[in-house]
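[1] attaching a predicted model along with its sequence, questions to come.
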Amino acid sequence: MKRVHKISLAVVTAGLLFFVMFCWMPSGVPVLAYHMVGAEEEELYSVSPAEFDRQLAYLKENGYTAVSLQEMFSGFAGTTVLPTKPVIITFDDGYRDNYLTALPILEKHGMKATVFVVAGQAGQGEYLSWDQVRALHKRGTEIGSHTMNHVALSEISPAEQLREAVESKEILERELGAPVVFLAYPYGKFTTETVAVLQAAGYHGACSGIPGLNAPDTSRYSLKRVNVPKPRLGLWEFKIRLLRAKIVFGFELLENRLR
Ligand SMILES: [Zn+2]
């Protein structure tokens, strides 16, 4: 076969493969991972309010509906029906701006979020006060744990991991007067022992830093996320990050089917 024909065949095959992947693959749920929404120039993880507003408008225009982790799992279990294009908007660390700046923008777009609070840091410096955590919860925000002291769980003993998981859960539940059953791993770090620890502590799931999307067969304790730091390429960067997660997810599905 001539070289040019071989190349054409490869291009057509790759095109068909992508068409199949994107048209027939079951859709996954993106879980976006934010930290701050503010004007901090030097903070890598601070998205400006204008940029956050543009990103939410883009999601809305593209048919996405914000749901909580609880709602995603109920949908996966078939207890409730998920919207056609669900998205989960999460914030790590529990910064004050999640309440002061992000919440009004979310509400403007009819969206909601999940905030992972470091229980040992709440009420200090730039972090949410307990009154703000309660106000977020009252206005539809799902509250999760981001441990007691923001330590990498993979680097401490299982006994210490259990203390971080249990104490933060107890404090958050006491302050909220509601169950707290989800956690985000600080620095995205965890081990197989961590998963057993979280199960023993009564958590129903946890967010990692692994890129991709989530489906009913995704491990509940290593949910994939789409990292959203300060964008350097405006809305394009946001679109590229979403697309990259879809591609990672598509290849995973393909790999599983070929196994
Ligand atoms: Zn963190």
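    That came in fine, so what should we check first?

[2] so where is this structure shaky, pLDDT-wise?
    1, 15-26 (pLDDT under 70).

[3] okay, now Val181: neighbour count?
    Other residues within reach of Val181, judged by other C-beta atoms under 10 Å, total 20. (Each C-beta comes from the backbone N, C-alpha and C, glycine too.)

[4] just the one 5 residues further on next, same as before
    Pro186 has 21 neighbouring residues, counting by other C-beta under 10 Å.

[5] phi first, then psi, for the residue lying closest to it once chain neighbours are set aside.
    Nearest residue to Pro186 in three dimensions, chain neighbours excluded: His150, at 4.7 Å (C-beta to C-beta, 6 or more residues apart in numbering). Phi and psi for His150, reported as degrees, to the nearest 10, are phi 50, psi 50.

[6] His150 touches Gln121, doesn't it?
    Yes. His150 is within contact range of Gln121, at 6.8 Å (criterion: C-beta atoms under 8 Å).

[7] correct me, but Gly38 touches Tyr45?
    No. Gly38 sits out of contact with Tyr45 when judged by C-beta under 8 Å, with a separation of 10.1 Å.

[8] so between the two, which is more surrounded?
    The residue with more neighbours, out of Gly38 and Tyr45, is Gly38; 20 against 17, by other C-beta under 10 Å.

[9] distance check, the more buried one against Ala152.
    In this structure, Gly38 and Ala152 are 25 Å apart, going by C-beta to C-beta, to the nearest Å.

[10] then Leu56?
    Using C-beta to C-beta, Leu56 is found at 31 Å from Ala152.

[11] higher neighbour count, these two?
    Neighbour count, other C-beta under 10 Å: between Leu56 and Ala152, Leu56 has more, with 22 against 13.

[12] tell me the secondary structure at that one.
    The three-state assignment at Leu56 reads helix, by DSSP: H, G, I helix; E, B strand; the rest coil.

[13] for it, which non-adjacent residue is closest in space?
    What sits nearest to Leu56 in space, not counting adjacent residues and going by C-beta to C-beta, 6+ apart, is His109, at 4.4 Å.

[14] can you report phi and psi for the one you found?
    In terms of degrees, to the nearest 10, the main-chain angles of His109 are phi -100, psi 10.

[15] can you give me the strands for the stretch 101-250 of the chain?
    Using DSSP state E, counting those that start in this stretch, the strands of the stretch 101-250 of the chain run over residues 114-117, 142-145, 182-184, 205-211, 223-227.

[16] so can I have a markdown table of the ones you listed showing mean neighbour count?
    Shown next, in a markdown table, are the strands of the stretch 101-250 of the chain (neighbours: other C-beta atoms under 10 Å):
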| stretch | mean neighbour count |
| --- | --- |
| strand 114-117 | 28 |
| strand 142-145 | 26 |
| strand 182-184 | 26 |
| strand 205-211 | 20 |
| strand 223-227 | 22 |
